[in-house]
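Asker: Just a sequence and a predicted model for now, questions to come.
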Amino acid sequence: MKKVITPMTITAADSNSRTITGRIVTFEETGNASIGKVQFAAGSIEPNAVLLNLEHDRTRRIGKTLMTEIAPDKSGIDATFKIANTTAGTDALVEAQEGLRDGFSVEVSFDEYETLKDGTIRILAGELTGVALTSEPAIRSARVETVAATTADENEVSDSTIEPEVTPTTEGDEVDNTVTNAETVETVEAAKSVTAQSNNVGGWKATPRIEITAAKYLENKVLAATGDESARQYVLAADNTSDNAGLVPTRQLSEVINGLSTTIRPSIDAISRGALPDAGMTFEIPKITAAPTVAIAAEDAIFSDTDQNSAFLSVDVKKFAGQQKFSVELLTRTSPLFYDELLRNMVAAMAKAQNAYVNAQLIAGATLDGTTTTTYPTATELLGVIARGSASVYGATAGLANPFARNLIASTGQWANLMTLNDAGRPIYNTVTNPMNQAGLATPTSLTGNVAGLNLYVDPTNAGDGDGTLLVVNPDAYTWYEGTSYQLRAESTADGSITVGVYSFGAVGTKIAAGAFKNNKQ
């Protein structure tokens with residue numbers, strides 16, 4: 001269960017009926033939490049009759065509410081809790097009245113949410129599963145209207161009105177942010193501040209400031225680790241303070257730096273696309289292997305007679321799959337950005353594997369240039385490769401509706417060489433607007449361009465100048481068939497580990513292998 005605390009309001013507590021009333025959720029209001037900003041959409045929580053726990057400890061139940069005692073409206077949800085006639089229940093009433101334990105915290109199971117541009121987690125749909133009485137307020141809209149203590153001594157307390165805390169604070173665990181609406185139900189807890197006072201203190205009430213120093217912080221950090229509740233609250237308050245001398249917390253931004261992953265697929269983009277059949281690990285495409293002929297015939301001569309023959313081209317379906325195994329602590333006790341970035345990287349890794357497979361298939365079937373180059377081609381040699389390649393591809397794919405080579409796939413090394421080619425000092429492949437320089441477009445700011453009339457695709461699968469690092473391609477000679485991508489998630493009760501896997505199926509239909517032409521390095 002992952003939790004985030006954004007405090008709400010107790011509005012009243014009645015000593016005679018032993019009840020506490022308050023606003024447990026305010027919709028469309030952003031609160032600061034341990035993972036950042038959290039917000040509940042209007043009407044996003046389905047109310048239920050629930051128990052009131054002490055500090056989210058479900059073994060320390062102090063009260064309950066019924067459906068008739070929950071009042072949702074457009075702005076939020078108010079609830080009245082019947083407090084048990086126990087020592088813990090009586091203490092809770094007193095603590096709420098005195099402002100010692102003055103926060104409501106809702107527990108919500110949710111399966112739909114979104115992440116806003118500023119990093120705010122916005123819950124869209126959830127179900128109320130519990131409410132806790134907590135110590136720390138955080139939302140300014142949280143207010144207490146009336147509070148009373150216990151039936152044992154009604155004269156010691158009376159109804160009063162107070163002002164909520166001004167400075168937001170937070171407590172709680174993390175929210176699990178998944179890429180899509182999660183099938184597994186997670187938990188969000190949103191707390192609103194609850195403040196109260198007895199009748200022997202008049203006017204408005206404000207929580208006293210606490211002294212925060214590095215020494216006191218260290219002392220309370222140690223005590224909190226041993227279970228000291230007051231020390232834990234001190235640490236929570238200190239962790240949400242950014243301007244105390246000697247105690248400057250380190251903030252973590254929501255942006256993630258990733259220079260390793262990419263979802264580009266140049267070789268796939270350079271050929272035609274098709275939908276993968278819905279079943280089977282192979283499929284077949286009819287292909288004409290012999291075409292009928294027509295010839296000049298003399299008067300009364302026999303017609304040219306050549307039978308048309310066909311066969312089926314068999315295409316293998318490949319599975320692309322990868323997985324990541326990590327601990328439940330890593331998922332539940334870290335930022336939800338971890339899971340988002342993990343899935344993005346796994347999808348990027350799958351795209352890389354698919355593109356590398358297609359690139360290898362193109363190179364394997366391509367016609368090898370009969371003319372060799374000893375190193376990266378000069379401008380003249382490059383035009384020769386393209387000219388010979390275009391003619392070769394046209395001859396091989398003449399039966400297609402469009403028999404022309406239209407694309408050029410280049411390695412990053414060949415791309416770099418293209419940008420150095422010049423005519424008397426004028427770059428050849430950096431502009432298409434200069435009348436003196438119409439050869440094409442190849443710039444360091446784009447992975448696509450135009451080289452001698454061919455659409456350029458830069459593929460990082462290859463880096464050098466070896467065979468196939470320049471591919472002249474008719475896109476209709478090859479087709480990439482792609483199906484749906486899937487995601488799996490499994491949890492182990494043995495060690496608490498979680499395994500996430502992604503997989504998809506794809507196939508390259510090499511309709512005419514000679515529809516590609518590759519350079520030949522000597």
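Answerer: Looks like it arrived, so ask away. Numbers count the residues shown, from 1 in each chain.
Asker: so who does Glu114 touch?
Answerer: 122, 124 (Cβ atoms under 8 Å, 6 or more residues apart in numbering). In this view, the C-beta of every residue, glycine as well, is placed from N, C-alpha and C.
Asker: what comes up buried for the helix or strand where it lies?
Answerer: Using DSSP states H and E, the element containing Glu114 is strand 103-115. Neighbour-count burial for strand 103-115 flags 103-111, 113, 115 (criterion: 16 or more other Cβ atoms under 10 Å).
Asker: Kindly reformat those residues as JSON lines containing pLDDT and distance to Leu330.
Answerer: Formatted as JSON lines, the buried residues of strand 103-115 follow (pLDDT from 0 to 100; distance: Cβ to Cβ, whole Å):
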{"residue": "Gly103", "pLDDT": "78", "distance to Leu330": "29"}
{"residue": "Phe104", "pLDDT": "80", "distance to Leu330": "30"}
{"residue": "Ser105", "pLDDT": "78", "distance to Leu330": "25"}
{"residue": "Val106", "pLDDT": "78", "distance to Leu330": "26"}
{"residue": "Glu107", "pLDDT": "81", "distance to Leu330": "23"}
{"residue": "Val108", "pLDDT": "78", "distance to Leu330": "23"}
{"residue": "Ser109", "pLDDT": "77", "distance to Leu330": "22"}
{"residue": "Phe110", "pLDDT": "70", "distance to Leu330": "21"}
{"residue": "Asp111", "pLDDT": "73", "distance to Leu330": "22"}
{"residue": "Tyr113", "pLDDT": "80", "distance to Leu330": "20"}
{"residue": "Thr115", "pLDDT": "82", "distance to Leu330": "19"}
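Asker: any weak-confidence spans in this structure?
Answerer: 1-16, 32-36, 136-215, 217, 237-254, 336, 430-447 (pLDDT under 70).
Asker: Quick check: can you list the domain ranges of it?
Answerer: 12-207, 209-251, 309-521 (automatic domain parsing).
Asker: Quick one: distance of the longest one to the chain centre.
Answerer: Relative to its parent chain, domain 309-521 has a centroid offset of 25 Å by Cα atoms, centre = their mean, to the nearest Å.
Asker: The helix or strand just after the strand holding Glu114: partners in the sheet, and parallel or antiparallel?
Answerer: Going down the chain from strand 103-115, the next helix or strand is strand 121-134, by DSSP H and E. Note on strand 121-134: by DSSP bridges, its sheet partners are strand 36-40 (parallel), strand 45-46 (parallel), strand 51-54 (parallel), strand 103-115 (antiparallel).
Asker: Would you mark the buried spots in strand 121-134?
Answerer: For strand 121-134, by 16+ other Cβ under 10 Å, it's 121-123, 126-134.
Asker: Three-state assignment for the closest residue to Ala353 other than its chain neighbours, please.
Answerer: Closest residue to Ala353 in three dimensions, ignoring its sequence neighbours and counting by Cβ to Cβ, 6 or more residues apart in numbering: Phe320, at 5.0 Å. What DSSP: H, G, I helix; E, B strand; the rest coil gives for Phe320 is strand.
Asker: I figured Phe320 hits Ala507, correct?
Answerer: No: Phe320 is beyond contact range of Ala507, at 10.9 Å (criterion: Cβ atoms under 8 Å).
Asker: The two: who's more crowded?
Answerer: With neighbours defined as other Cβ atoms under 10 Å, Phe320 and Ala507 compare such that Ala507 has more, 23 against 18.
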